[in-house]
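Peer 1: build me a model:
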Amino acid sequence: MNQPPPPESVAVELEKLRGTMAEGFARVDGSLALLVQRGDQTDRQLADHDQRIDALERGRWPLPSVAALVGALGLALSLWQFATRR
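Peer 2: You can find the predicted model right below:
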């Protein structure tokens, strides 16, 4: 029959297992911290892009309004020319 291992070897193996688990958890913690940092950077970039887009939208020309104004001025000018020819 097999004899049970001596208690010292069990303690040594448990200590090795604990060290392996601690290394694994440290690696996972480091990976999670990196993911959180990248998520924060992405959030900052999105906020920056939102601000820049808002600034561009505020500064752009209102093209439909300008087109309507030009059309109305053109109509008024042609009506004025038609009225002055008579």
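
Peer 1: which SSE is immediately downstream of the longest helix belonging to the chain?
Peer 2: Assignment by DSSP state H gives helix 7-59 as the longest helix of the chain. Next helix or strand after helix 7-59 toward the C-terminus (DSSP states H and E): helix 63-84.

Peer 1: look up how far Q51 lies from D43.
Peer 2: Distance, D43 to Q51, by Cβ to Cβ, to the nearest Å: 13 Å. Every residue, glycine included, has its C-beta placed from N, CA and C.

Peer 1: for Q3, same thing?
Peer 2: Taken as Cβ to Cβ, the span from Q3 to Q51 is 73 Å.

Peer 1: more neighbours: which of those two?
Peer 2: Between Q3 and Q51, Q51 has the larger neighbour count (other Cβ atoms under 10 Å), namely 10 against 5.

Peer 1: how far away is that one from V70?
Peer 2: Counting by Cβ to Cβ - Q51 and V70 are separated by 32 Å.
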